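Asker: Structure of the sequence below:
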Amino acid sequence: MTTTQTTQMRESLPLGVRLIAGYYTAIAALFGALAVVSGGNLLSGNAAPFNELAAGGAVVYGVFGLLFLAIGIGLFRRQNWARIVALIFGLLSFVSIIGILIAIYLAKDSTARYFRPN
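Answerer: Numbers count the residues shown, from 1 in each chain. Next up is the predicted model:
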């Protein structure tokens, strides 16, 4: 493969990878919003009987939100670790059709080549 072909391949990220990266970024935004709501309920006193639950929820949502954001950005930047982590999450969510489809798509060799260094 010539340098020009490699450069063209690196420039055109497949639509499927862009959609999956957008999916993880959107999920990260959702988890971030849930973390803010849980934390807000804790701070406002609305969750008084469930303070520990609200605090734990805010932390868990925040951690998963940051993780999904990192995966989404990593996929946009063609980081192979992000592809592997997204693949693992897809396999772990075996009850979710979307998770299975993501895992199958990211496991394909034709997709994996976009994440290999030059």
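
Asker: Helix or strand with the lowest mean pLDDT in this structure?
Answerer: Lowest by mean pLDDT, DSSP states H and E among the helices and strands of the chain is helix 3-11, with a mean of 51.

Asker: any low-confidence regions in the chain?
Answerer: Scanning the chain for pLDDT under 70 picks out 1-11, 41-42, 45-54, 118.

Asker: Show me where it has its helices.
Answerer: Ranges of helices within the chain are 3-11, 15-44, 51-76, 80-92, 97-107, 109-112, based on DSSP state H.

Asker: Can I get those helices in CSV including mean neighbour count?
Answerer: Heads up, the C-betas are built off the backbone N, CA and C, glycines and all. Below are the helices of the chain laid out as CSV (neighbours: other C-beta atoms under 10 Å):
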stretch, mean neighbour count
helix 3-11, 10
helix 15-44, 16
helix 51-76, 17
helix 80-92, 17
helix 97-107, 16
helix 109-112, 12
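
Asker: Let me see the contact set for the closest residue in space to residue 85 that isn't next to it in sequence.
Answerer: Using C-beta to C-beta, 6 or more residues apart in numbering and skipping residues adjacent in sequence, the residue nearest residue 85 is residue 71, 5.5 Å away. Residue 71 makes contact with 21, 24, 28, 82, 85-86, 89, according to C-beta atoms under 8 Å, 6 or more residues apart in numbering.

Asker: Repeat the analysis, applying 6 Å as the threshold.
Answerer: 24, 82, 85-86 (C-beta atoms under 6 Å, 6 or more residues apart in numbering).

Asker: now, which of the residues you listed sits nearest residue 117?
Answerer: residue 82 (14.0 Å; C-beta to C-beta).

Asker: Relative to residue 39, how far out is the closest one?
Answerer: Distance from residue 82 to residue 39, counting by C-beta to C-beta, to the nearest Å: 27 Å.

Asker: Backbone dihedrals for residue 96, both of them.
Answerer: phi -100, psi 120 (degrees, to the nearest 10).

Asker: how many neighbours does it have?
Answerer: When neighbours are defined as other C-beta atoms under 10 Å, residue 96 has 13 of them.

Asker: I appreciate the help and will end here.
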